[in-house]
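In: Show me how the following folds:
(chains A and B)
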Amino acid sequence: MTTKSIPINLLLNWRLHLIVVIISAISELIGIQSIPIANAKLLFLPLFYAFILCLFLNPNITKFSDKIITKKSASIAAPILIVAILPFIAKFGTLIGPALPKIADAGAAMIFQELGNLGTMLIAMPIAVLIFKMGREAIGATYSIAREPNIALISDRYGLKSKEGIGVMGVYVMGTMFGTLYFSLMAGFLATTGWFDPRALAMACGVGSGSMTAACSGTLATAFPAMKDELLAFAGASNLLTNATGLYIAIFIALPFAEWFYKKLSGEAKSTPLTTEAK
Amino acid sequence: MNTHIENAVAENLEEGRLSLKESILVLAVISIVSLVSNWAGTGISPIQAFPAMLIIYAMVIVGLLLSKFIPIGFPAVAWVSLVSVLISIPISPLSAPVLAELKNLGFLAIVTPVLAYAAMAIAKAEVDLFKKSGLKIAAISILVFTGTYVGSVFVADALL
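Out: As a prediction, this is how the structure comes out:
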């Protein structure tokens, strides 16, 4: 089952692309909506509707959609997705370029916020270990935001069938399914509270995948229309930096720290697996 | 117990790469889809936005070629991003004309189809994994996403 085995007619399956076109058009026509909550607002973007509507049309999720598109045809969306994000990344880049001088001004904040994502362990790891009584799954689940480079690292160190592997895959799957929506809602909500510099909110959008960055910064751009270009540029630059440095931060800082923190929390005195030391 | 699910997901990850030729073909279809989405969202007709889409298409292909022929482990997304950043920096001679065309392509409108593909791409194995250990992992995932995002916001906010 190599990549070569994907037949062209499956890649160009008209049902899949037609569903995407129709749903996208409907979602765009509905447009941006918002719901007020206390002093803040939840923002809903077309990308949100497109995601939800297509969940209903996914034959792996709802029974009736089997009649609209087969599971086999829908499965081709996975490799397509990897490519589909690229035009958006290109558009994103053209927002970063013109703003490069401004981004350079925020240099220190931009670089060090990459380390901010270590914050995830301080919150998630104790809860995973102490409250949910998770084992070494907690290392895989909480050492990073579980995108592709992070999976590659865990796979390299422990193997994907290990407990650490199951942990990282679990969060990866959740991120794939709901991460984009959650990022968009969270950013939109924090934006309307007025607690943070919008540029800080935008930079933090870059911590995850391309589509998370898109959803997150798209929401911010809607919340602060006057700063739209600047915010998109900051988020895009941050995501570029994450792509370039994320793996190294994971290897040299996040994973060793996760190992250490896990041992502290679980009181595990045993030595780490041989593979960790052998590397 | 969970292993076969994990295997399936892992296999998905490994197999899920299109060849360069397939990518170029699929990108053409995605470009058409994006033009329609852009039309519905911004009211700019596909004909008017066509040059912008063509520029984007070219930048993506250059990025894919670079990632293929310069194998230093830089992901394709990073190459594509680098190409488009370099073209649009103020000192680039292409910057002004390219940016003027790209105004016809809405940022959010081209993300919408991506999310539609994302929802269609959710596989049986992922649904099963979710049903089996859903709540615990969902709770941890939310903490992970929130912790990562808010952690970065705090650091960035303090240093700005």
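
In: What's the local residue count around residue 141?
Out: Picking chain A for this. Using other Cβ atoms under 10 Å in any protein chain shown, A:Ala141 has 33 other residues around it. (Each C-beta comes from the backbone N, C-alpha and C, glycine too.)

In: meant chain B, my bad for not saying
Out: Neighbour count of B:Ser141, defined by other Cβ under 10 Å: 25.

In: cool, B:Leu108 as well?
Out: Neighbours of B:Leu108 under the rule other Cβ under 10 Å: 25.

In: How about A:Ala215?
Out: Neighbours of A:Ala215 using other Cβ under 10 Å come to 30.

In: Hmm, it is touching A:Phe178, no?
Out: No: contact between A:Ala215 and A:Phe178 fails when scored by Cβ atoms under 8 Å: they sit 10.9 Å apart.

In: who's in contact with the residue of the stretch 101-250 of chain A found nearest chain B?
Out: With Cβ to the nearest Cβ as the measure, A:Gly119 is the residue of the stretch 101-250 of chain A nearest to chain B, at 2.3 Å. Shown in contact with A:Gly119 (Cβ atoms under 8 Å, 6 or more residues apart in numbering or on different chains): B:147-148, B:150-152, B:154.

In: hey, which helix is longest across chain B?
Out: Counting residues, the longest helix found in chain B (DSSP state H) is helix B:124-159.

In: Identify the residue nearest the single nearest residue of chain B relative to chain A in space, chain neighbours excluded?
Out: With Cβ to the nearest Cβ, the shortest gap between chain B and chain A falls at B:Gly151, namely 2.3 Å. When the adjacent residues along the chain are set aside, B:Gly151 lies closest to A:Gly119, with 2.3 Å between them (Cβ to Cβ, 6 or more residues apart in numbering or on different chains).

In: how many other residues sit next to the closest residue to A:Gly31 other than its chain neighbours?
Out: Closest residue in space to A:Gly31, ignoring its immediate chain neighbours: A:Pro46 at 6.7 Å, by Cβ to Cβ, 6+ apart. Applying the criterion other Cβ under 10 Å, we find 29 residues in the vicinity of A:Pro46.

In: Give me the phi and psi for A:Pro46.
Out: Dihedral angles phi and psi of A:Pro46 (degrees, to the nearest 10) take the values phi -50, psi -40.

In: State the distance from it to B:Thr112.
Out: Separation of A:Pro46 from B:Thr112 (Cβ to Cβ, to the nearest Å): 5 Å.

In: can you list residues touching both of these two?
Out: Where contact means Cβ under 8 Å, 6+ apart, the residues bridging A:Pro46 and B:Thr112 through contact with each are A:24, A:27-28, B:41.

In: thinking A:Val83 is in contact with B:Leu18, fair?
Out: Yes: taking Cβ under 8 Å as the contact criterion, A:Val83 and B:Leu18 are neighbours in contact, 6.0 Å apart.

In: Comparing those two, which residue is more hemmed in?
Out: Legend: neighbour count by other Cβ under 10 Å for A:Val83 and B:Leu18, higher for A:Val83 (23 against 20).

In: and the strand or helix carrying the more buried one, what other elements does it pack with?
Out: Under the criterion DSSP states H and E, the helix or strand holding A:Val83 is helix A:77-105. Other helices and strands packing on helix A:77-105, by 3 or more Cβ pairs under 8 Å, 6 or more residues apart in numbering or on different chains; DSSP states H and E, are helix A:210-223, helix A:228-249, helix B:20-42, helix B:46-69, helix B:76-88, helix B:95-102, helix B:107-120.

In: Mind checking what helix or strand follows it in sequence?
Out: Next along the chain after helix A:77-105, taking DSSP H and E as the criterion, comes helix A:107-116.

In: outside of that next one, which residues touch it?
Out: Contact partners of helix A:107-116, identified using Cβ under 8 Å, 6+ apart, comprise A:103, A:199-200, A:203-204, A:207, A:234, A:237-238, A:241-242, A:245-246, A:249, A:253, B:148, B:151-160.

In: coming back round to it: shared neighbours, A:Val83 and B:Leu18?
Out: Shared contacts of A:Val83 and B:Leu18, defined by Cβ under 8 Å, 6+ apart, are found at B:Val26.

In: quick one: low-confidence ranges for chain A?
Out: Low-confidence segments of chain A, defined by pLDDT under 70: A:1-7, A:37-42, A:160-161, A:244, A:268-279.

In: before we move on, the earlier item: average pLDDT across the longest helix of chain B?
Out: Per-residue pLDDT values across helix B:124-159 average out to 82.

In: and it, which residues are buried?
Out: Applying a neighbour-count criterion of 16 or more other Cβ atoms under 10 Å in any protein chain shown, the buried positions in helix B:124-159 are B:124-130, B:133, B:136-157, B:159.
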